[in-house]
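**Q** 3D, please:
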Amino acid sequence: MLILGVDPGLTRCGLGVIEGTPGRASLIEAGVIHTPSSMDISRRLLAIEEGIETWISSHRLDGVAIERVFAQHNLMTVVGTAQAAGVAMLVAARHHLDVHQHTPSEVKAAITGSGRADKKQVGLMVSRILHLDSPPQPADAADAVALAICHCWRGSISEKLTNLTSGRSYQSWAQVVAARKVG
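**A** Residues are numbered from 1 along each chain as shown. Now for the predicted structure:
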C-alpha cells in the first residue's frame, strides 16, 4: 500500500508517503508545506491545497491518513488545524482516495507501543521502523510519516476485521473470534 500521511497545520503542514504492509514500511518522501502567518488565511489554505495536490498527483496512492483534530487550549490553533485537515480531505476526495483519521494517541501507540509517547520517541521509532539514520525533518514531516505508518499497520487490520465479519465492525480479534463461536 502507498499511503500519504498528513499532519495538518497552517504554518507547517507535514506530509509523508510510505509504502508498506502491516509490519513493514519504507519511506518514499517526506516534507512540509510552509505558509507564513502574515499571509491571508484564504491564501494559506490555497497554498496548502496546491501543495497537497502536487503530492497526490506525484504518487499513485492507495489512501490518505490525516491526524484527527483534537481540542487544545488555543482555539485559533484548533481552527487552523481543522481547516488544513479539511483541505487535505477535499483534495483526497477529488482524487477518489479513501481518507482515514487517526488520533495522536492512536499514532503514538501504533509506532511506539504507548499512546503517551513524546515526539522524540515517535521520531526515534519512525527512524527505526524505516531503517533511517535519523527521523525525517522537520518534526511535522516525521509526524506525517508516523500517521502513514499507523494507517498502513492499523488501518489494514481494521479493514480486514470488517471484511472478515461481513460488514460488522469489531474493535479486536477477540471480538471476531467470540462472534464466530456464537454464530
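
**Q** Phe70 contacts His102, doesn't it?
**A** No: at 11.0 Å, Phe70 and His102 do not qualify as touching, with contact defined as C-beta atoms under 8 Å. Backbone N, C-alpha and C define where each C-beta goes, glycine included.

**Q** So the two - more neighbours on which side?
**A** Shown here are Phe70 and His102; by other C-beta atoms under 10 Å, His102 has more neighbours (22 against 11).

**Q** where does the more buried one fall, phi/psi-wise?
**A** Dihedral pair for His102: phi -130, psi 140, per degrees, to the nearest 10.

**Q** Repeat that for the one 4 residues further on.
**A** Summarising the backbone geometry of Glu106 under the convention degrees, to the nearest 10, its torsions are phi -60, psi -40.

**Q** Count residues in the vicinity of it, would you?
**A** Applying other C-beta under 10 Å, we find 17 residues neighbouring Glu106.

**Q** and if you look at Leu61?
**A** Leu61 has 20 neighbours, counted by other C-beta under 10 Å.

**Q** Check Glu50 too.
**A** For Glu50, the tally of surrounding residues (other C-beta under 10 Å) stands at 13.

**Q** how about Gly16, what does it touch?
**A** Counting by C-beta atoms under 8 Å, 6 or more residues apart in numbering, Gly16 makes contact with 4-5, 7, 27, 29-31, 136, 141-142, 144-148.

**Q** and with 7 Å instead?
**A** Counting by C-beta atoms under 7 Å, 6 or more residues apart in numbering, Gly16 touches Gly5, Ala30, Pro136, Ala141, Ala144, Val145, Ala148.

**Q** would you turn the residues you listed into JSON lines with pLDDT and neighbour count?
**A** Formatted as JSON lines, the contacts of Gly16 follow (pLDDT from 0 to 100; neighbours: other C-beta atoms under 10 Å):
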{"residue": "Gly5", "pLDDT": "98", "neighbour count": "29"}
{"residue": "Ala30", "pLDDT": "98", "neighbour count": "25"}
{"residue": "Pro136", "pLDDT": "97", "neighbour count": "25"}
{"residue": "Ala141", "pLDDT": "98", "neighbour count": "24"}
{"residue": "Ala144", "pLDDT": "98", "neighbour count": "29"}
{"residue": "Val145", "pLDDT": "98", "neighbour count": "33"}
{"residue": "Ala148", "pLDDT": "98", "neighbour count": "35"}
